[in-house]
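**Student:** whatever this is, show me its structure:
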Amino acid sequence: MAAVVCSSSMSFLHAQAPAPSTPAPAAQAPAKEPEAEANPFAPAPAPVLPPGMTGSDVNDPRYKLKPGLYNAGEAALGMKHVAFLKKPDAFQINATSADDPQVQKTIGQLGINVAKMPKHMQMVIAQLAFANSDFAFQGNHLFQGNFYGVNIYDIANPAKAALLTSLVCPGGQGDVSVYQNLLFMSVEMPNGRLDCSAQGFPPEPPPAEGHEKERRIPAAQKDRFRGVRIFDISDIRNPKQVAAIQTCRGSHTHTLVLDPNDKDNVYIYVSGTSFVRQKEELEGCSGDAPDKDPNTALFRIEVIKVPVAAPQEAKIVSSPRVFIDPRTGALNGLNNGGSHDKGAEKPADTNQCHDITVYSAIGLAAGACSGNGILLDVKDPVHPKRLDAVNDPNYSYWHSASFSNDGSKVVFTDEWGGGLGARCRPTDPNKWGADAIFNLKDDKLSLAGYYKLPAAQGDTENCVAHNGSLVPVPGRDIEVQSWYQGGISVMDFTDPAHPFEIAYFDRGPIDPKMLVLGGDWSAYWYNGAIYASEIARGLDIFELTPTPSLTQNEIDAAKAVRVAELNVQNQQKIVWPAQLVVAKAYIDQLTRSQALSSKQISTLQKAIHGAEKSHLDDKSQAKLKTAAASLQSGSTAKSPADSARLQALEEILNHPAA
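**Tutor:** Reported below is the predicted structural model:
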């Protein structure tokens with residue numbers, strides 16, 4: 001989308017120096033593209049589908065829902081809405097016109113030139129300064145980031161969630177992570193101040209005549225902060241900032257990294273996507289191309305080391321060059337191979353990661369890095385090393401990533417349009433702005449299939465793939481995912497070549513006549529519920545309900561998994577308890593795939609029912625073992641997934657836990 005705003009999760013003021021292109025491994029020729037609108041904020045004639053491509057379904061009940069902010073029409077399958085909490089007043093712009101002084105003040109603090117900006121676009125950008133963003137979870141607390149700060153909720157009872165405290169601390173985009181008594185927050189926009197105050201900085205002077213469209217870096221300010229803030233949340237109602245680590249490009253997102261061999265420190269991977277600040281504001285910063293300055297702040301990430309007992313001593317300890325060409329040493333060693341976006345047909349260098357998901361249990365990380373998906377070895381978290389890189393002509397902007405629990409697959413999302421464009425219309429190809437699912441074997445990625453929200457959305461609904469997390473249903477790979485105003489979709493990608501939707505929730509557009517910033521930024525499963533960060537409205541909480549593709553036993557087995565903390569980009573290995581409800585979930589799956597006979601199913605169900613009724617006495621446990629012994633000889637499992645389910649079921653029946 002337009003560079004003045006973003007091409008990645010609504011980051012601001014991209015001002016990147018061009019650099020020579022070097023082909024990425026296995027680069028492919030760009031696909032032919034349709035005509036796309038020049039202004040993603042206003043409805044425009046929809047493009048015609050390219051030959052051989054299909055769009056989303058207009059017959060889906062989600063397509064023509066009634067519009068509205070709080071009273072929009074709703075459609076759901078397999079999801080029950082159990083709670084909604086409106087954004088606190090301090091996080092609302094409460095303006096309906098671009099001429100409102102609050103709108104103009106907000107835009108001025110962001111350092112954005114509005115001289116040639118349409119009024120409706122000014123409203124969207126002002127709304128963004130108060131947008132809800134990402135989540136982190138700890139115990140009974142939910143931390144909801146916002147471009148204006150953080151809100152902390154008590155979710156001990158999800159149906160009766162309540163706001164505990166609001167921390168006003170502008171600077172966008174407010175992505176959060178939590179570890180023990182520490183809260184981390186990303187700051188990227190130029191209105192962030194060291195002291196967290198909301199006053200911002202003086203507006204930039206108007207540009208000279210004829211220079212209105214030029215991108216300008218805000219004047220250096222000694223009190224500006226762009227980087228990662230660290231708060232002490234020992235008193236959950238009164239967070240205290242204890243450190244603020246400055247970075248050259250700010251922190252669009254960050255990833256909490258835990259080293260199994262280092263209990264005294266945690267690490268933060270910083271992904272900056274915005275402009276490089278002047279050296280007058282932060283010494284050592286350079287936005288030059290690498291052939292002009294080998295120390296450029298482009299083409300790298302930052303690693304912050306945080307001593308847990310002394311977070312005030314946190315500092316940057318490395319700046320890994322994860323895009324380097326290992327053969328030539330060129331820093332700009334990867335590019336996107338060309339995109340289907342209008343004006344982006346030629347290959348462009350990848351100089352930033354948007355988001356990095358670290359899976360320490362397998363020593364790997366998946367980086368969604370604008371033009372590429374990359375695989376990193378993170379066994380030494382201070383010095384991550386690139387193992388593989390892929391690109392795709394169907395992708396516009398590699399946004400985020402999730403591993404399957406066994407580490408055999410990676411789901412990458414494509415944020416085509418940067419979150420502010422309608423990208424789920426019937427004429428938008430269903431391979432664009434979608435998920436790409438890769439098999440992962442021997443540290444190499446290979447494309448297996450695509451998944452896109454199947455329901456068509458309207459011209460005024462910003463809709464594209466965004467943040468999601470695994471739903472811990474045993475025996476299956478399932479992800480719940482946000483799609484901005486496309487709502488929430490729950491996808492099964494157990495077979496990566498044939499992913500399919502098993503549940504959803506959606507609302508109608510906020511406005512029927514113009515695109516208004518809104519929709520679900522993140523949708524994550526945490527300890528039995530799904531939490532959605534709705535950009536404009538607030539916090540939504542859901543429960544899964546049974547469908548033909550998901551049984552109550554599978555839902556209950558997912559609820560049996562409990563974690564003490566959840567930072568989705570610090571992916572933790574899911575371990576299921578050896579409870580009989582988990583066994584029942586496996587039986588439901590084996591029944592669905594016809595891997596067991598009706599007689600076997602009946603025998604298993606009777607044995608489990610008897611064990612539950614008798615509270616696992618010796619007699620009932622003996623019957624479970626007998627049922628387990630007959631599994632392998634009588635089964636007709638035809639897939640690796642069913643074979644794994646049979647093995648896991650047998651283990652539980654032989655060693656059930658109370």
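**Student:** gap between stretch 495-512 and the chain center?
**Tutor:** Centroid separation for stretch 495-512 versus its chain: 16 Å, with C-alpha atoms, centre = their mean, to the nearest Å.
**Student:** can you check stretch 235-255 too?
**Tutor:** A distance of 19 Å separates the C-alpha centroid of stretch 235-255 from that of its chain, computed with C-alpha atoms, centre = their mean.
**Student:** am I right that T603 falls within a helix?
**Tutor:** Yes. The assignment for T603 by DSSP: H, G, I helix; E, B strand; the rest coil puts it in a helix.
**Student:** which SS state does the nearest residue to it once chain neighbours are set aside fall under?
**Tutor:** Nearest non-adjacent residue to T603, counting by C-beta to C-beta, 6 or more residues apart in numbering: A627, 5.6 Å away. For every residue, glycine as well, the C-beta is placed using N, CA and C. Per three-state DSSP, the secondary structure class of A627 is helix.
**Student:** ok, A627 touching L653?
**Tutor:** Yes. Using C-beta atoms under 8 Å, A627 is in contact with L653, at 5.9 Å.
**Student:** spit out the residues that contact those two alike.
**Tutor:** 604, 607 (C-beta atoms under 8 Å, 6 or more residues apart in numbering).
**Student:** more crowded one of those two?
**Tutor:** Comparing A627 with L653 by other C-beta atoms under 10 Å, the one with more neighbours is L653, at 25 against 22.
**Student:** quick one: contacts for that one?
**Tutor:** Listed by C-beta under 8 Å, 6+ apart, the contact set of L653 reads 583, 604, 607, 624-625, 627-628, 631.
**Student:** quick one: which of these is nearest to S319?
**Tutor:** A583 (48.9 Å; C-beta to C-beta).
**Student:** residues contacting that closest one?
**Tutor:** Applying C-beta under 8 Å, 6+ apart, the residues near A583 are 604, 608, 649, 652-653, 656.
**Student:** export those residues as a markdown table, with columns for pLDDT, distance to G108 and secondary structure.
**Tutor:** Converted to a markdown table, the contacts of A583 look like this (pLDDT from 0 to 100; distance: C-beta to C-beta, whole Å; DSSP: H, G, I helix; E, B strand; the rest coil):
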| residue | pLDDT | distance to G108 | secondary structure |
| --- | --- | --- | --- |
| L604 | 96 | 67 | helix |
| I608 | 97 | 65 | helix |
| L649 | 97 | 62 | helix |
| I652 | 98 | 61 | helix |
| L653 | 97 | 66 | helix |
| P656 | 96 | 64 | coil |
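**Student:** between all of those, which two are separated the most?
**Tutor:** Spatial extent of those (C-beta to C-beta) is set by the pair L604 and P656 at 12.6 Å.
**Student:** can you pull out the helices in the stretch 551-658 of the chain?
**Tutor:** 552-559, 580-592, 598-613, 618-629, 631-634, 640-654 (DSSP state H, counting those that start in this stretch).
**Student:** now do the fifth one: distance to the chain's middle.
**Tutor:** Averaged C-alpha coordinates place helix 631-634 at 41 Å from its chain's average position (C-alpha atoms, centre = their mean).
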